[in-house]
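# this is the structure alone, sequence omitted:
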C-alpha cells in the first residue's frame, strides 16, 4: 500500500514533483540539457548562498563521498566519527587505500573542536566528518570544527558529509568555506534518489592535480571541466534533473530561512512529544538534528508499533548501527510540514493508547 | 520543443514508461523494495537467458565499467579498441592505476580473434572490449573473441561493455560466459538514465577477494552480499526501479527473439536508405550494429540538415570521436519501431529533396 513517509530517506516525494520526471526525454549533450544543467546549478548556488562550483553525478551521495577522498588525499586523512555514517566515511577512505587517523566521539554526542585538539598534524591532508549524523540524530557545528582544523593545519582540506543537513539546516557555507560538501537528492531536497552533489572548492581542485589514481567516474578535474560547459561528465539521470529543477523553484519560493525554520519547528514538535509520551530523544541537548529525530525506544515494542503505524498509512525508520535496538527514528525533512508531523504524532498517540 | 529521439542515448522513452516513475516513493530498505529488486533481477535474468547474478547500482554504465576494473585487476589488462568507447575503457583502467596492453583495431572494423593472437599473455588478468562500438556502429562477435582469450589464458577474465547491445542484439550470454557484462538503463532498455547493471561471474567475485583497493561504491563483494538479500548496497534510484520493472514486463511480453529481429529490421532499413539516398554506412559489412547506424556524411551539411530535422520534431546524433566530421548516427534501439524509422527516413527524404 501507499504510505506517507516520515523516513530518513528516501523521503516522501510530492506527487507534482514525481510528475516532473515525466517530461519527454532529452539527451545529455543537447542544448536543452545544457540550459537545464545551468539552471539547476544556479538555483542551488542561490539556495545555499555559495559562489563555489556545485558538481553533479549520477549515483547516491556515497559516490561523491568516495570521490572526495580519491581526489583530495594521497595518503592520510583524519576521520572524526560519532555514529555509523562517520564510521562509513572512514571505511570508504580505508577501502581506497588511505591511512586514517581516527577520532571517536561518543554516540549521541556532538563533535566539538576540543575533540581534535593537537590531532590535525602536518601529514593530515584532509579532515572529514558528518554534519548531521543520521544514526544518532546529532547535528554538530561544522563551522566550529572547520575553524579548529584550519587553526592547526591550514593545508588540511575540510570534507563534510551533509547528506541529511543540506537544504534543511543552515550550514552557513560562505563562512564554512569547506572543500567538499556532499549530499544527494533523496533527503532534504525531497526528490527520488539518483544524483550526488558536491559543493567543491578551488583548493580541492588544485590538490586533485597532484593526486594519482583519482579514477574516472568522479575525477573532479574532468567533472569540473564539463560542468564549466554546463554538462555532466557521464550520462546523468535526466528525468531526475527535470524534477530537481522543478523542486528548486518550489524551494526558492518557500525561501531558505523559512525552510530552515520549518525544519526547526518539526524537530521541536517531535522532541516535546518524545519527552511527554515516550522515553525522550537519544542525543544530547543543544545538538539535536532538525531533520532526523532519534527517539529512545525504552519499553516500546517497535516492530509491533511500526506495523500498526504502517497499516494506518505512515512509515518511520528503525534505529541504525550500534543503537539499532535502543532507538527508532522519525524523519522531519523535505516537504514534510509541522501539520503533517502533528498528524503523524496523533496517529502514534492513538496506537499507544490502544496498547495501554 | 518535445522531439522523438532517434539518438544514441538517452533514447526515446515512451510516456507510459516515464509515468511508471511516479509511483509513491518507498525506502530502499523496505519489504516493498526487496520484492521490487528481486522481481527486476529475475526478469532481467529471464530476458538475457542467464543464471548469473545481475548487480545494480545508481549511476551511468561507466560506474560499473570502472568497478569491473577495480574489482578484477591488480596490475595488468589487455584492452582491445576499435573506437572511442574502447579507448575510454582503456583510459578508465589506466586512471585506476592499471597497466594496459593495447590492441588497436581500425575504426569501422570489427574486433576479430586474429587481432589478439599471442597477446593474452600469462600476466594479463582481464581482457576488455566493447561489444557494440557506439562511435563507429560496429558489432563485434564477443563469443569469438572470448573463446580466443580463454584458449590463450584460461585465467584471464572477460569484460564486456554491452552498453548499446544488451537487450537489443543477442549476446548469447550462456555460451559467452563472460565475467562482467555491463550496461545501463538509457540505451536499449529505453528508460531514463540512472542505473548501471553488471552480469557478474563467480570467477570475478573470487578474484575480487584477492584485489586490494577495490573502493566502496562498486565493491562487488559488498554489492553481491546485499544483492543476495535483494537489496542494493547504496541508495538506488527507486523511481527508476519502478519504471525498470514496468519496462521489463513490456519487453518480456514482446519476447526477446522478436525484439532482436525488430532491431535487425531497423538496422537493415537504415542501411538500405543510406546506400540509396546518401553515402552509405561507415563500418564494414557483416559487422554492422542493429542499434546504431553510423552513416557517412559525404557532402551533407549535417548541422543544417539536423536543424531542419529538429524543427520537424526529430532528433538524431552527430558523429563521435575521430570520425565526428565524417559521419552522423541514427539510433534504432529501445522501443523504436520499423514504422517509426521509416517515418523518420521519409522526413529526412523531404529535407534532402528540398535542398536538392
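Now that the structure is in, tell me what you want to look at. Everything numeric here is computed off the predicted structure, so don't read it as measured data.
# residues in contact with the residue nearest the centre of chain A?
Nearest to the mean C-alpha position of chain A, by CA atoms, centre = their mean, lies residue A:163 at 1.1 Å. Shown in contact with residue A:163 (CB atoms under 8 Å, 6 or more residues apart in numbering or on different chains): A:9, A:61, A:85, A:130, A:132, A:134, A:182, A:183, A:184, A:187. For every residue, glycine as well, the C-beta is placed using N, CA and C.
# same question for residue A:208.
A:71, A:72, A:214, A:219, A:220, A:221 are the contacts of residue A:208 under CB under 8 Å, 6+ apart.
# what's around the fifth one, how many residues?
Taking other CB atoms under 10 Å in any protein chain shown as the criterion, the count of residues near residue A:220 is 27.
# next: the third one.
When neighbours are defined as other CB under 10 Å, residue A:214 has 21 of them.
# do a quick rundown of the strands in the stretch 151-300 of chain A.
Assigned by DSSP state E, counting those that start in this stretch, the strands in the stretch 151-300 of chain A fall at A:157-161, A:180-184, A:195-200, A:292-296.
# minimum distance to residue A:342: which of these has it?
Residue A:342 lies closest to strand A:292-296 among the strands of the stretch 151-300 of chain A, at 13.6 Å (CB to CB).
# now do that closest one: which elements does it pack against?
helix A:256-277, strand A:327-331 (3 or more CB pairs under 8 Å, 6 or more residues apart in numbering or on different chains; DSSP states H and E).
# and the shortest one, which strands flank it?
Paired neighbours of strand A:327-331 in the sheet (DSSP bridges): strand A:292-296 (antiparallel), strand A:317-318 (antiparallel).
# would you mind finding the most buried of these?
Most buried of the strands paired with strand A:327-331, by mean neighbour count (mean count of other CB atoms under 10 Å in any protein chain shown): strand A:292-296, with a mean of 27.
# and the closest residue to residue A:237 other than its chain neighbours, how far is that from residue B:56?
In this structure, residue A:237 finds its nearest non-sequential neighbour in residue B:194, 3.6 Å apart by CB to CB, 6 or more residues apart in numbering or on different chains. Here residue B:194 is placed at a distance of 10 Å from residue B:56 (CB to CB, to the nearest Å).
# neighbour count winner among the two?
For residue B:194 versus residue B:56, the count of surrounding residues by other CB under 10 Å is larger for residue B:194: 32 against 24.
# hmm, that one is touching residue A:196, no?
No - using CB atoms under 8 Å as the test, residue B:194 is too far from residue A:196 to be in contact (11.5 Å).
# any residues in contact with both of the two?
Common contact partners of residue B:194 and residue A:196 (CB under 8 Å, 6+ apart): residue A:58.
# domain parsing for chain A?
Listed by automatic domain parsing, the domain ranges of chain A are A:4-10+A:256-355, A:15-252.
# please identify the deepest-packed of those.
Taking mean count of other CB under 10 Å, domain A:15-252 is the most buried of the domains of chain A, at a mean of 21.
# could the domains of chain A go into a markdown table alongside distance to residue B:150 and mean pLDDT?
Below are the domains of chain A laid out as a markdown table (distance: least, CB to CB, whole Å; pLDDT from 0 to 100):
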| stretch | distance to residue B:150 | mean pLDDT |
| --- | --- | --- |
| domain A:4-10+A:256-355 | 43 | 97 |
| domain A:15-252 | 27 | 98 |
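# can I get the ones you listed in JSON lines including distance to residue B:245?
Output for the domains of chain A, formatted as JSON lines (distance: least, CB to CB, whole Å):
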{"stretch": "domain A:4-10+A:256-355", "distance to residue B:245": "16"}
{"stretch": "domain A:15-252", "distance to residue B:245": "14"}
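# on that earlier part again, for residue A:21, which of the strands paired with strand A:327-331 is the nearest?
Of the strands paired with strand A:327-331, nearest to residue A:21 by CB to CB is strand A:317-318, at 24.2 Å.
# what distance separates the closest one from the centre of its chain?
In terms of CA atoms, centre = their mean, to the nearest Å, the centre of strand A:317-318 is found 17 Å from the chain centre.
# repeat that for stretch A:260-273.
That offset, for stretch A:260-273, works out to 18 Å (CA atoms, centre = their mean).
# residues in contact with stretch A:165-173?
A:47-50, A:52, A:131-132, A:139, A:142-143, A:160, A:162, A:181, A:183, A:187-189, A:197, A:199, A:251, A:256-257, A:259-260, A:263, A:289-291, A:333-334.
# can you get me the start-to-end distance on it?
Taking CA to CA, to the nearest Å as the measure, stretch A:165-173 stretches 12 Å from start to finish.
# and for stretch A:280-288?
End-to-end distance for stretch A:280-288: 12 Å, by CA to CA.
# residues in the stretch 51-200 of chain A within reach of chain B, list them.
A:57-63, A:66, A:70, A:91-92, A:95-97, A:184, A:186, A:192-194 (CB under 8 Å from any CB of the partner chain).
# just the ones in helices from the contacts of residue A:208, please.
In this view, the contacts of residue A:208 that belong to helices under DSSP state H are A:71, A:72, A:220, A:221.
# wouldn't the last one be in contact with residue A:204 here?
No - counting by CB under 8 Å, residue A:221 does not reach residue A:204; the two are 10.4 Å apart.
# shared neighbours of those two, which are they?
With CB under 8 Å, 6+ apart, residue A:221 and residue A:204 have common neighbours residue A:71.
# for residue A:340, which of the strands paired with strand A:327-331 is the nearest?
Residue A:340 lies closest, by CB to CB, to one member of the strands paired with strand A:327-331: strand A:292-296, at 13.9 Å.
# that older thread, out of the ones in helices among the contacts of residue A:208, what pair is the most spread apart?
Distance extremes for the ones in helices among the contacts of residue A:208: the farthest pair is A:72 and A:221 at 11.8 Å, using CB to CB.
# how far does stretch A:260-277 sit from its chain's centre?
19 Å.
# just the closest of the contacts of residue A:163 to residue B:31, please.
residue A:9 (17.1 Å).
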